[in-house]
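Engineer: Based on what follows, work out the 3D shape:
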Amino acid sequence: MNGRTTLVLLAVTIGALGQTTTWNIDCQHGLDHNVGTLSAPFKSVRRAVEAIRAQRLQSAEQSLYAQAGYFAAMDVHITGLCELDNPLRLTPPLDNNVSWIGDGNFTILSGGTQIFPQHSNVSDTIVVDLAAYNFSTSLLGTLTGRGYSGDSAAICTTAFEASAAELFYRTASGESGNMHLSRFPNRATESPQRSDWSKILFLKGTSLVLDGTLSPQLALWKDEITRSGSVWAHGLWTWNWADSHRPILDTVPENASVRVGDDDQHNRDVVPIRTGSGAQGGNVYVYNLLSELDAPGEYYIDRSKAVLHLRPPVAAAEPTNVCIWNVSVTRSDRPNAVWESLFVPGTSSSKFAFQGCSATAGAMGQNCAGPNKIAAGARLLLDTSTGKVVGEGVCCNDVTNSVASATPTNPCTPPFPHAAPPPPPPGSYHVSRLSSVIVARGVQGVSFRNMEIRYARGAGVVVDGSVNVTFVNTHIADHGMMGINVTGGSVCAVIDSEVSGTGDAGVVLDGGNRTTLEPSGHTVYNSSIHHNQRWILNYAPNVLLAGVGNSVKKSELWAAPQMAIFAQGNDHTVEDCDFHHLTQQCSDCGAFYMGRDWTYRGNLLLNNRWHSIASIWGQTNVVYLDDQLSSVNITGNVFDQTGPALLLGGGRDNVFANNVLNGSSTRVHMDARGGGGTHCMRACDMPYIFADAAAYASCMANKTSCRSAPAVVPFATSPVWARYPHLKNLLQDSPCTPKYNMLSGNTLCGGLSDIGVSSTQAAAWGSVVSNNQVVDTC
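Structural biologist: Residues are numbered from 1 along each chain as shown. Next up is the predicted model:
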C-alpha cells in the first residue's frame, strides 16, 4: 500500500467518524442524570466531561483513527452560573478538539461560591457566616507576603502565589464591583491618588511611624494583631517601582509606631526601607483590619471563625424620570473600537454626571475621575428630575476624531415620560474557592467562547504545552493571580475578549524556543486588558510576552499602576494598540518595559497610540529600554502629551522612526549607562552575564533564577541567530557603548522643539539622529 492510498483510506475513516456531537449544560435547571441534549441538559461541567470521555473511549475501541487520539469535534453549550467543584482539567487525547460555548447572555464558569448577604441599606455593615456556604477556616486560607521578585530582566511565568479567599462583587452588567480588604488610609476614589498611601515619617530598623495614625487607632490595631496575627502592610518601601507585602508584628501606641516583618522568605526588598521624604519609596497602606472597615466596598474575613464582614459598594440611585437613548459611536481609524465622547442631541442645556464624568452642553469626557467605557449599542438613562445620565459603561479619555450620537427610543421626546423602567437585577457576591477555573495541559484544538471565567485564587486559566487553545468573546476576571497563563505550546490566543480585576498580571504568553528561535505564535487580539494588579502593582503587566514570537495586536491596554507590557525574549510584536492611563502609581518606570539582556532582539512596536500616561508620583516614561536593552524597532507610533516617549538606556541597534511626538515633554532620553567600551563586562552584572556562559555559571552557582533555559543562548555560534545585525561579535565590539541606534524621520509638535538627543553625541557613540522634523501642529 503506497502513502497516497493510506491517506485516502484515513480520509474515509475520518469522514465516517467526523460527525460533530453536541452536548448541553444548564447549570441552574439541568440534571446530571439527563442525557445532555438541549431538552434534557446536564447540570454540571464535570458530567459533560465524563460523557465526552466515555463516548470517545468507546469510539477508540472501534477505530484505529480514534485510538491515535484523532476524535471528531464536539461542541458543549453552557448556560447559567456554573460553580465548579474542581478545576476543569483538560488532558489529551480525550479532551482535544472540543468547543465550550456560552450562550452569550449569562454563562459564568466560576471557581467561587455565590453568597447572599442580607442588607437593606448600602451604609450598613453586613455579617455573613461563611461556614453556612461550606467554607471551613482552613479552606479560607491565610494572607501571605508577595511582591517584586528582584529581577527586572525576566519575570517567572510558572511561579504561582495563589491568594487566600477573596470577596468579589459582580454588577448586574457584568463588571467587577471593586471590593477590597479594609484598609488605612481609605482609598479615595477608583482612580489612584497620593492620599491612598500613608507616608513613612520616621523609621528605626523595621519600626515605622506612619502619617495620619493616632494612638487610639494603633491600640485597636494592636488588639487585632494579638487576636488574628494577620494584619498586613503593602508598601512601596524603597522604590516606587518595587512593592511587596509585610506582616505587621506589633504596634506601640505610645509613640505611634508599627513594627513590620520581612516581606517573605525571598527577601524581595532590594535595599532597606526608606522614609517618605524623598522622591522614591516610603509609601505604605495597612490592611486586613476589622477596625478599619469604614468605607463602601471594603470587607474583612475573620478566617479563624469563617465570618465575613462587608460594606457594600455604593449603588447608583434609581432614576425617577427616565428617557432612554440607543448609542452609536464611530471613529474613522478604528470603527469597531469603543470610545468615550458622547453628545446627546437636544440636551445642550443639561449637565450630565456619569460614573465620575461631568460636563456641560451635553458633552461627556471632561473632568474625568477615571477611565470607563461606552460601547455602541449601549442604553443611557437620563433622569430628567436631576438632569443626570445614570447607568454603567462610560469612558472618559482624551480620544479625538470620534463622533457619537444618541437616538431617542419609545416616546422619548419632550415632554419626557415620567414612568421609570423596572430596575436592573442586583449585583451578586462571590467568594473565591478553587486554585484555577481551567487547567489545560497538552491539549489541542480547544476553545472557550461567549462566557465569563471568574473567581479563582490563583491563575484563572492555565494553558501549558498546548496547541490552538483559544478564548473568544470571553471575560476573564476577578482572579487572585493572572487572568490567563499560557506557557509552552503554540498558537494559543485571546481574541475579542476582556481581562480585568486580577491580582497579578492580566495575560501571560510564554512560548517558543530561544535556542532555535522557533516562534510560538501566541497572541492577544482585539481585546481589552485593564484594572488588574490588585495585589502586585509592579512587574505584573497587563500582558507579559516571553520566549519567541508572541504578539499583542489591535487591543486596548489601560488602567495599570505600572506597565502595560513587559517583554522578555525575541521577535515579539505589539501593533495597532491603544495604550492609556498607565504607570499610574510608579516612578522610574514605563508603559512598555524591557531590560538587561543584549540577546533580547527583533522586537517590534508598530503603529500604536500612547496617551494619558502619568503617575501620581510624577512624570514617567512611555517606552523604557533599560540597562542596554537592544534591537527594538519603534515605528509609526503616536505619543500624545506624554512624558519621555523613549528612554533608551545604553542599548544598541534600536530604531525609533516615523513616530509622532506631540507635547513639550515627549522627547527621547538616550544615555551610555554601560560606561562605554567593555566597562560593563563585570562578573554578575547584567546584561553581561546573559552573554557569557562562564560568567553566568560562576555568578549563578548558588542562586535561583526564573529565566527560561538556556540562560545564555548561542547568539555567536548558531546560524539562526545571524539574523540580528552586530550581535555575533558583540563582546568584541565595545558592547557597553550604545552603537547602531537610529532616531530618524520623526515628527515633533505641540511645543517640542527637538528630539532630546544631540546628533553630535549620538555620532560619537556610533548611532544616528537625523531628519526629525518640527512642525507647528500635529
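Engineer: Is the nearest residue to I78 once chain neighbours are set aside part of a helix or strand, or is it coil?
Structural biologist: Excluding the flanking residues, the one nearest I78 by CB to CB, 6 or more residues apart in numbering is I25, at 4.6 Å. To be clear about C-beta, it is placed using only N, CA and C from the backbone, and glycine gets the same treatment. Here I25 is recorded as strand under DSSP: H, G, I helix; E, B strand; the rest coil.
Engineer: which element is F592 on?
Structural biologist: Secondary structure assignment for F592, by DSSP states H and E: strand 590-595.
Engineer: Check which helices and strands that strand is in contact with.
Structural biologist: Identification of packing neighbours for strand 590-595 by 3 or more CB pairs under 8 Å, 6 or more residues apart in numbering; DSSP states H and E yields strand 565-570, strand 578-582, strand 621-626.
Engineer: mind listing what's buried in stretch 459-479?
Structural biologist: For stretch 459-479, the neighbour count (16 or more other CB atoms under 10 Å) marks 459-464, 466-479 as buried.
Engineer: Now do it: distance from first to last residue.
Structural biologist: Start and end residues of stretch 459-479 are separated by 6 Å (CA to CA, to the nearest Å).
Engineer: Could you list the low-pLDDT ranges of the stretch 151-300 of the chain?
Structural biologist: 151-153, 157-160, 263-272 (pLDDT under 70).
Engineer: in it, which spans are strands?
Structural biologist: Taking DSSP state E, counting those that start in this stretch as the criterion, the stretch 151-300 of the chain carries its strands at 167-170, 180-181, 183-184, 198-204, 207-210, 232-239, 242-252, 257-260, 283-287, 298-302.
Engineer: residues making contact with the following helix or strand past the strand holding F592?
Structural biologist: Sequence-wise, the next helix or strand downstream of strand 590-595 (DSSP H and E) is strand 603-606. With CB atoms under 8 Å, 6 or more residues apart in numbering as the contact definition, strand 603-606 has outside contacts at 567, 570-576, 592, 594, 623, 631-637.
Engineer: hmm, 10 Å instead?
Structural biologist: 545, 551, 553, 565, 567-577, 592, 594, 622-623, 625, 629-637, 646, 654-656, 659 (CB atoms under 10 Å, 6 or more residues apart in numbering).
Engineer: about what we covered before: number of nearby residues for the residue nearest to I78?
Structural biologist: 25 (other CB atoms under 10 Å).
Engineer: Tell me what it is bridged to.
Structural biologist: Taking DSSP bridges as the rule, I25 bridges to F42, I78.
Engineer: Might one say that it is in contact with L81?
Structural biologist: No. Contact between I25 and L81 fails when scored by CB atoms under 10 Å: they sit 11.5 Å apart.
Engineer: can you list residues touching both of those two?
Structural biologist: Listed as contacting both I25 and L81 by CB under 10 Å, 6+ apart are T107.
Engineer: would you turn the helices and strands packed on strand 590-595 into a markdown table with distance to L605?
Structural biologist: A markdown table is the format used below for the helices and strands packed on strand 590-595 (distance: least, CB to CB, whole Å):
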| stretch | distance to L605 |
| --- | --- |
| strand 565-570 | 9 |
| strand 578-582 | 10 |
| strand 621-626 | 7 |
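Engineer: any chance of the ones you listed in JSON lines, plus mean pLDDT and mean neighbour count?
Structural biologist: What follows is those, written out as JSON lines (pLDDT from 0 to 100; neighbours: other CB atoms under 10 Å):
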{"stretch": "strand 565-570", "mean pLDDT": "96", "mean neighbour count": "27"}
{"stretch": "strand 578-582", "mean pLDDT": "97", "mean neighbour count": "25"}
{"stretch": "strand 621-626", "mean pLDDT": "97", "mean neighbour count": "26"}
